[in-house]
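> turn this into a model:
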Amino acid sequence: MAQAYDRDKAEASMGRLAATTDAELRAGIADAMREVAAAARAWTSSAGRSLVARERGLAALVEEVEARMAAQPAGEGGAAVLAAIETVQPLLGEWWPDRPQEAARLHAAVEQLRRAAMHTPTLVAHCRRFSRS
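Next up is the predicted model:
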């Protein structure tokens, strides 16, 4: 059975999202990127695993983005969030395998990064606009 719309719950949820700081958004992207890097290392170091050229390219891309993200000053404000999004963007447009198991962890980590870098900042921005109207 569908749940009835609850205006109070909706407003509370929007309020929580609107209260998310830019520092929290950037930290979420950085945390998700660290998980992608850890999952990529597990994937590439799988016992008895030999990477094909495309997989080596993806692993190198993760290392490059991880280094660029680590070199970025933490910063606050919208510019820091935008810089973090732009830094991880090359990973978001790639196709990530979801097999074998180690690749599935990497695939899931990239999906979480996609949420942290694309979906959450968009939701927060919309909720901030609505809360000001």
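> the residue nearest the centre of the chain - nearest residue in space that isn't next to it in sequence?
Most central residue of the chain, judged by C-alpha distance to the mean C-alpha position with C-alpha atoms, centre = their mean, is residue 113 at 1.7 Å. For residue 113, ignoring the flanking residues on the chain, the nearest one in space by C-beta to C-beta, 6 or more residues apart in numbering is residue 32 at 4.1 Å. C-betas here are computed from N, CA, C, even on glycine.
> do I have it right that that neighbour meets residue 112?
Yes - at 5.0 Å, residue 32 counts as touching residue 112 under the criterion of C-beta atoms under 8 Å.
> between the two, which is the more surrounded one?
Ranked by neighbour count (other C-beta atoms under 10 Å), residue 32 and residue 112 place residue 32 first, with 22 against 17.
> assign a three-state SS to that one, would you?
Recorded secondary structure, residue 32: helix (DSSP: H, G, I helix; E, B strand; the rest coil).
> residue 98 now?
Secondary structure of residue 98, reduced to three states by three-state DSSP: coil.
> look at the closest residue to it other than its chain neighbours and report its pLDDT.
Computed as C-beta to C-beta, 6+ apart, the closest residue to residue 98 that is not its neighbour in sequence is residue 107, at 4.1 Å. Per-residue confidence (pLDDT) for residue 107: 95.
> which helix or strand contains residue 107?
Assigned by DSSP states H and E, residue 107 belongs to helix 101-114.
> what residues of that helix count as buried?
By 16 or more other C-beta atoms under 10 Å, the buried positions in helix 101-114 come out as 102-103, 105-107, 109-110, 112-114.
> so, low pLDDT: which residues of this structure?
47 (pLDDT under 70).
> which two from the buried residues of helix 101-114 end up farthest apart in space?
102 and 114 (19.2 Å; C-beta to C-beta).
> so where do the strands sit in the protein?
Residue ranges of strands cannot be listed for the chain, since DSSP state E assigns none.
> how about the contacts made by residue 85?
Applying C-beta atoms under 8 Å, 6 or more residues apart in numbering to residue 85 gives the contacts 29, 117-118, 121.
> let's see that with 7 Å instead.
For residue 85, the residues meeting the contact criterion (C-beta atoms under 7 Å, 6 or more residues apart in numbering) are 29, 117, 121.
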